Every structure is written in C-alpha cells, then in structure tokens.
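Asker: coords below, sequence missing:
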C-alpha cells in the first residue's frame, strides 16, 4: 500500500487529476446518465402509470417467467460450479485444461449464437426435433429452451469464482478433517463450505443478475410469445418497438434496480472475500 502511494505521489499532480477527471467524466457519461435516464423516463407519467405498467398482465407474466428461469438456472449452476471447482482445484487429471476451456466457452460465444445452437439441436428441423415431436416434447419456443439457454450463458460464473479461491486456499484443512475422522459430507459442510461461502455468494449474485438480464440467447429460443415465453428484457423490447416508451422504461427500471443491488452486493462480497483472505 505504501509503495503504491509513493508511486502515485511521484506522478505529476496535473497528470493525476487529469486521469481522475477523465475517469469520473466517462463514468458519469456512460453509466450514471443512462441509469438516471431510465428512471426519469420510467416515472415520466407518474407513480401510478409506472405501477400499472409493471402490473399489466403481460408484464407480470414476463416477470414471473424471468424469476422462474432464474430460480432453475442459478441452483443448477451452483451445483455444477461446486463440482467443477472441487474437481479442478483438488485433482490433477488428463483433460483438466480441456475442462477449464469448456467452462469458459460461454464467455467467448455470442449469446445469439448460443441460442441458434439450441435451435439446431432441439428445433423442429434440428437433430433431435423429429424425435421430440413424436413424443410431444417441446424445447424450443417454450420454457425448457429458455432455461437451457440461460443455464448455458450463466454456466461459468460460479465455477470461475470458486476455482481460484479453492486453489489459493489449498486442501490442508480438508485433509486434516478427514484424518480426524470426518466423513466427506462433514468435511464439505464444516470446512470447505465455510471457507468458500463468500466466493460462492459472489458467483451466485453475478449468475442471478446475468440470468435475469439475458436477452440474446433467450430471444432466439423463446419465440416471443406474449404472456408465455417473453422474459423481462424481451417484454421491454416489444414495448419499445410499439413506441410505448414510458411503459418500456418502467419495466426496464426493474432490471436497473437489480443492477444497482447487484453492484452493492458485489462490493460487499468483494470486501468480505478480501477480509477472509487476509
């Protein structure tokens, strides 16, 4: 900390203030002003209109669907993230690097392309489409397809938070617990989980925010059926395309609130993670 302070003090004062001012100006321009504009437009016609816009039948269906998909996708990714982090951090095996690469694929693939992949596999003309149609199972343009697309795009968040944390902590405490007679479940519940809880919560927060706000992949597989397969972002798009701007911003303000809460929780969990690490 002292070394960083000395380096900062050695820089010319004009340069320091110029960089700080530029950073603040860009933050206001690209983050604060757009966020403020969302809420200004959302309440442009008053509180009663905002309440009516988010409680309207299609809006309510979109909110319920988004919450349902998130409630399914996040626990699945928590289970996968814990299993992947445990495997990668505690064991050395052939294909370990391949597994790490596969976990990162959703970060490198466009969400729209991700949605097209599911259409190719599960669509009516896809690889499994005829087999599913014969059994009256619908994946694409239905809730299962939206869940699969959301799980895919949020796949890495929990795992990528836990892997470096578990690698840094090592396995000495877990080995000591086993040596003292603890079962595998007792070791996980009393040693591993308390050590990684803040990192796990951090990953869950990021995963939840992404699941609620996902647009590209869900847009491809949903079919945009009002009241059935529209999530919050898709409903906002429809309202905006219909020139119902105030209602669109009213519903969008819900996602903005989620973003603000996510940032607050993110900072809290970062502080807690650093505190545990120190």
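Answerer: Arrived safely, thanks for sending. It should be emphasised that the depicted structure is a prediction, and the values quoted were computed from it without experimental measurement. Residues are numbered from 1 along each chain as shown.
Asker: so where do the helices sit in the stretch 1-150 of the chain?
Answerer: 2-10, 13-27, 33-42, 47-55, 57-90, 96-108, 111-122, 129-134, 143-153 (DSSP state H, counting those that start in this stretch).
Asker: mind listing what's buried in the fifth one?
Answerer: This points to helix 57-90. Under the neighbour-count criterion of 16 or more other Cβ atoms under 10 Å, helix 57-90 has 59, 61-63, 65-66, 69-70, 72-74, 76-78, 80-82, 84-86, 88-89 buried. Every C-beta, even on glycine, is put in place using the N, C-alpha and C of the backbone.
Asker: could you do the fourth one as well?
Answerer: With burial defined by 16+ other Cβ under 10 Å, the residues of helix 47-55 counted as buried are 50, 53-54.
Asker: let's have these in JSON lines, adding distance to residue 167 and pLDDT.
Answerer: Shown next, in JSON lines, are the buried residues of helix 47-55 (distance: Cβ to Cβ, whole Å; pLDDT from 0 to 100):
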{"residue": "50", "distance to residue 167": "46", "pLDDT": "94"}
{"residue": "53", "distance to residue 167": "47", "pLDDT": "93"}
{"residue": "54", "distance to residue 167": "43", "pLDDT": "93"}
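Asker: can you tell which of the helices of the stretch 1-150 of the chain is closest to residue 177?
Answerer: Across these, residue 177 has its closest neighbour in helix 57-90 (13.4 Å, Cβ to Cβ).
Asker: now the angle from that closest one to helix 47-55?
Answerer: Interaxial angle, helix 57-90 versus helix 47-55 (axes from the mean of the first three to the mean of the last three Cα atoms, to 10 degrees): 60 degrees.
Asker: so helix 57-90 versus helix 143-153, what angle?
Answerer: Using the same axes, to 10 degrees: helix 57-90 against helix 143-153 is 40 degrees.
Asker: OK, contacts around residue 167?
Answerer: 88-89 (Cβ atoms under 8 Å, 6 or more residues apart in numbering).
Asker: do residue 106 as well
Answerer: By Cβ under 8 Å, 6+ apart, the contact list for residue 106 reads 114, 152-156.
Asker: ok, now residue 115?
Answerer: Residues near residue 115 by Cβ under 8 Å, 6+ apart: 149, 216-221.
Asker: just the buried residues of those residues.
Answerer: For these, buried by 16+ other Cβ under 10 Å: 149, 216-221.
Asker: figure out which of the helices of the stretch 1-150 of the chain is closest to residue 247.
Answerer: helix 47-55 (4.1 Å).
Asker: that closest one packs against which elements?
Answerer: helix 57-90, helix 245-277 (3 or more Cβ pairs under 8 Å, 6 or more residues apart in numbering; DSSP states H and E).
Asker: hmm, 6 Å instead?
Answerer: Judged by 3 or more Cβ pairs under 6 Å, 6 or more residues apart in numbering; DSSP states H and E, the packing partners of helix 47-55 are helix 245-277.
Asker: what is the most widely separated pair among the buried ones among the contacts of residue 115?
Answerer: Farthest apart among the buried ones among the contacts of residue 115 by Cβ to Cβ are 216 and 221. That separation is 10.2 Å.
Asker: mind checking the SS state of residue 225?
Answerer: coil (DSSP: H, G, I helix; E, B strand; the rest coil).
Asker: before we move on, what about the one 4 residues further on?
Answerer: Following three-state DSSP, we place residue 229 in the coil state.
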